[in-house]
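>>> How does the following fold in three dimensions:
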Amino acid sequence: MLTIFIPIAVPAMAANPTPFTGDVEADFTGPGILTIPDPLGDVGYPNPSPGGKIPAPGMPGWDMKDFRITYDSGTDTLYVGLNSGGIAGDADGDGDPSHTSLYLADMGGTDYADFGTSESFAVYFDFDQDGTLDVIAGVSASVDISGYTVAYPLSNPGSPATNFGATIPGATGTVTGGTIAEPDVEFSILNFSTLPGQDGDGRCDINAFMGSLGDDGIGEDFIDFKIDASTITTITSSADSVVTGGTVDLTITEVNDGSSNLTDPQVVVTQQGSTIATLTSPGPAGGDDDNDGELDVGENWTWTITSDPITDDPTTFVAVGTGICPADIPITYPGDPEERDEIVIDELFPSTITTIEADPPGPVVIGATVDLTVTEENDGEVDLTNPYVEVKQEGALIATLTAAPDSGDDGDGVLEIGETWSWTITSNVVTVDPTTFEATGYGTDPLGREVTYETGYTEERDSVDVGVLMPSTITTIISSDSAVLPNETVDLTVTEENDGEVDLTNPYVEVTQQGAMLATLVAAPDSGDDGDGVLEVGETWSWTITSNVITVDPTIFVATGYGTDPIGNVVTYPDDQQERDTVQVELIVPSTMVDISASSYQVIPGSPVNLTITEKNDGDTELHDVQVVVDNGTATIATFGAPPESGDMDTDNILDPGETWMWTINGYVVNATTVFTVTGSALDPDNNVITYPDDQEERDSVTVYARPPVVGGDVYTESIAGILMPWVSIFGIVVVASVLVLQRKKWLLR
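Coordinates of the predicted model:
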């Protein structure tokens, strides 16, 4: 009886006896062949026959010397060879398997050709070793060799020749033998691993049979063989638990507790399904006593290896042993359940929870501080040494909490499992909205590695945001007029609005005029305050004041607001740009320009001249009650007060900005050199007199020279003077000098 396990996923064996030649000893040779011997002469063989006939000198064909098997896992095919001592199927051993000798006939028997009627051979299997055959392969007593089949057997293991049941589809291979040329029987079984009845326990009884029901007097041959190949694989660990990232020492053994030596023994060790070692012979020191690389019966091989770092919880280590029994049949799990062992290692996780809380939780007034409560709790499975927490405010380190706190530690400075440490610190001033506080915990595990956020422990960091309340006011100033005459005043309306997020005490506004303090508005206004003197969120206060007289163009008024926030900081400009406002008032400047010109600037005494007088409003305001006075140096010769005939374009008697009025004096007789002077005056909208000398342009003059005629040169002189004299008022003495030079040249020509 042979016990085997046939796995599908193992390499094909080296031996492959096909194509069959009918000679088992020639075909089934080399490695991978299981040869099961059987003594010759163990087949019943009467000598002589009852009638005295002498048997042939040959050996009966049923007498097997051995039977041989080999398995090709690559094709899942089992090959079987029945090695006959004579010619298989030659019942009487006369050398002719299809001839009945007188010896056999005398006993009433028949030698049928080609394993014909009553002749049979078979190999049958009891996979689950329950005493009932599961599969039979061969030729039954009812067919010849062409009827070779693989079938479900009946339940009579003692009569294999008649124990063939239904054919198993896809299992029947090829067959040959039983002839003079091919004396041995050889056949194949296909898809062997799928045959019914296999229970995966790695054991199977195999029996071989050859004989005939019609060879009266000659017996049959049976071979029962069992290879009890079995190993026990174990794996143990140096520790049941380990800190994450640590390793364990694994001890693996493989014991041959069967009855057959195993070649090519090895153990594959996996960690979480990945191979970490393939173990072969450990040599004499590890149990391979004869150092032959075979796991002999009774040998116990031992290895010790170190695992890879453990990062999964739990981590499973599996050891699976394999070996090759005779016939190149692998012995391993699951066929041999004891060929596999596993061990589970718990992973001990370092872990802490770091928290941070702010008091008050916010929001707080800008510039305030908060109290920060920081905790670090060991919620892991190992103690941590060197525990500390770094606290940052807006990314900048503000504290490193290294000393054990007043509560939480038992005094050894180790953050033990279940301990929670706590600190309370004060932040720096809060100026960013929101301000982020971050706490990051640190510790060292038993393997000397840092446990913190950056190394993968996400609960080692916590943060809290604190909002910021921004004090803010808007100060405005508005003037009742955007432009005024000199020495006038304006009404100024000043407001201060709390558009921030906190109430302000001691609110006031300073108002300046051209940089000089004009007013400090400190009292609560008539409207806007609820009577508590606090500029509350959303309130707007308002004042109206009168400026000083305005004499500068432009005059700038500035209002600057002030207030005190809840933590005592003064809120004002420039930190709060809205706390200052300006307004400017333009100065309206009245101005006129008078002009006088003569029709001639040099005349013969007693000659008349015409005078032209103009007054132009070159200022920026209207003027009324315009008056122009002309004198000759000794007396007034004309006063003009009514609008001229031309120039008052809108005839409203107002000298509007840009208008020019004109008057003329015709035929005024000049007896001697005369200086004519014109002086203008007018009233501005406030009835202020606009005249010379305040307005220098309100006076002009022209000189008319009276000279007797010069013989031969009077026309020349007068013409030159007539041309140049109008420019005297513009260029002054330079023009006069030029005329005099020209006259002197004339006189020299005389």
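
>>> hey, where'd the strands end up in the stretch 151-300 of the chain?
164-167, 172-176, 185-189, 205-212, 221-225, 231-237, 241-243, 249-256, 263-271, 274-279, 300-306 (DSSP state E, counting those that start in this stretch).

>>> wait, isn't G467 in contact with V365?
No. With contact defined as C-beta atoms under 8 Å, G467 does not reach V365; the gap is 10.5 Å. Yep, even glycine has a C-beta here, placed from its N, CA and C like the rest.

>>> Which one's more surrounded, these two?
More crowded of G467 and V365, by other C-beta atoms under 10 Å: V365, with 18 against 14.

>>> beta partners of the more buried one?
V365 has these beta-bridge partners by DSSP bridges: L469.

>>> And for G81?
On the basis of DSSP bridges, G81 is bridged to R68, E186.

>>> so where's the stretch 201-350 of the chain uncertain?
201-203, 227-228, 326-329, 335 (pLDDT under 70).

>>> again, only using 80
Low-confidence segments of the stretch 201-350 of the chain (pLDDT under 80): 201-204, 225-229, 259-260, 325-331, 334-336.

>>> Likewise for the stretch 51-200 of the chain?
In the stretch 51-200 of the chain (pLDDT under 80), the answer is 127-131, 154-159, 198-200.

>>> Next, please give the residue ranges for the helices of it.
In the stretch 51-200 of the chain, the helices defined using DSSP state H, counting those that start in this stretch lie at 102-106.

>>> One more: the chain?
Assigned by DSSP state H, the chain shows helices spanning 24-27, 102-106, 714-724, 728-731, 733-749.

>>> By mean pLDDT, show me the worst of those helices.
For the helices of the chain, the weakest mean pLDDT is recorded on helix 733-749, namely a mean of 34.

>>> closest one to R580 among the strands of the stretch 151-300 of the chain?
R580 sits nearest to strand 241-243 of all the strands of the stretch 151-300 of the chain, at 64.9 Å, using C-beta to C-beta.

>>> which residues are in contact with the closest one?
If you take C-beta atoms under 8 Å, 6 or more residues apart in numbering as the criterion, strand 241-243 is touched by V248, I310, I345, D346, E347, L348, P350, E381, V382, D445, P446, L447.

>>> Stretch 390-406 too?
By C-beta under 8 Å, 6+ apart, stretch 390-406 touches 356, 372, 374, 388-389, 411, 413, 421-423, 425, 427-428, 432, 435-440, 442.

>>> what do you get for stretch 478-486?
Stretch 478-486 is contacted by residues 488, 490-493, 547, 549-551, 557, 583, 585-590, 621, 684-686, 688 when judged by C-beta under 8 Å, 6+ apart.

>>> try it again with 6 Å
V490, D491, L492, T493, I550, T551, V583, V585, E586, I588, D686 (C-beta atoms under 6 Å, 6 or more residues apart in numbering).

>>> what mean pLDDT does it have?
Averaging pLDDT along stretch 478-486 yields 93.

>>> How about that stretch, which residues are buried there?
Of the residues in stretch 478-486, S479, A483, V484, L485, P486 count as buried by neighbour count, 16 or more other C-beta atoms under 10 Å.

>>> Of those, just say which sits nearest to A523.
The closest of the buried residues of stretch 478-486 to A523 turns out to be S479 (C-beta to C-beta; 21.8 Å).

>>> can you put the strands of the stretch 151-300 of the chain in a markdown table and add mean neighbour count?
Shown next, in a markdown table, are the strands of the stretch 151-300 of the chain (neighbours: other C-beta atoms under 10 Å):
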| stretch | mean neighbour count |
| --- | --- |
| strand 164-167 | 16 |
| strand 172-176 | 18 |
| strand 185-189 | 25 |
| strand 205-212 | 25 |
| strand 221-225 | 19 |
| strand 231-237 | 20 |
| strand 241-243 | 20 |
| strand 249-256 | 21 |
| strand 263-271 | 19 |
| strand 274-279 | 13 |
| strand 300-306 | 17 |
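
>>> out of those strands, nearest to A638?
Nearest to A638, of all those, is strand 241-243, at 120.3 Å by C-beta to C-beta.

>>> residue boundaries of the strands in the stretch 551-700 of the chain?
Counting by DSSP E, counting those that start in this stretch, the strands of the stretch 551-700 of the chain are 555-564, 570-572, 580-587, 592-598, 602-603, 607-617, 624-631, 636-640, 660-670, 674-683, 689-691, 699-706.

>>> Run through who's touching the fourth one.
Where contact means C-beta under 6 Å, 6+ apart, the residues beyond strand 592-598 that reach it are 609, 611-618, 676, 678, 680, 697-698, 700, 702, 704.

>>> Which among those count as buried?
Among the contacts of strand 592-598, the ones that count as buried by 16+ other C-beta under 10 Å are 609, 611, 613-618, 676, 678, 680, 697-698, 700, 702, 704.

>>> between the residues you listed, which is closest to D205?
Distances from D205 to those, taken by C-beta to C-beta, are shortest for D618, at 137.3 Å.

>>> Would you mind giving both backbone torsions of the closest one?
Dihedral angles phi and psi of D618 (degrees, to the nearest 10) take the values phi -100, psi 20.

>>> what's near enough to touch it?
Applying C-beta under 6 Å, 6+ apart to D618 gives the contacts S591, M593.

>>> where's it relative to D595, distance?
To D595, D618 is 11 Å away according to C-beta to C-beta, to the nearest Å.

>>> With K53 instead?
Taking C-beta to C-beta, one finds K53 at 180 Å from D595.

>>> And I345, by the same measure?
116 Å.

>>> More neighbours: the two, which one.
More crowded of I345 and D595, by other C-beta under 10 Å: I345, with 24 against 17.

>>> what's the neighbour count on the residue nearest to the more buried one when sequence neighbours are not counted?
For I345, ignoring the flanking residues on the chain, the nearest one in space by C-beta to C-beta, 6 or more residues apart in numbering is T315 at 4.9 Å. Counted with other C-beta under 10 Å, the neighbours of T315 add up to 22.

>>> list the contacts for T546?
Going by C-beta under 6 Å, 6+ apart, T546 touches T489, D491.

>>> next one: T322
By C-beta under 6 Å, 6+ apart, the contact set of T322 is Q266, P330, T332.

>>> count of neighbours near the last one?
Other residues within reach of T332, judged by other C-beta under 10 Å, total 21.
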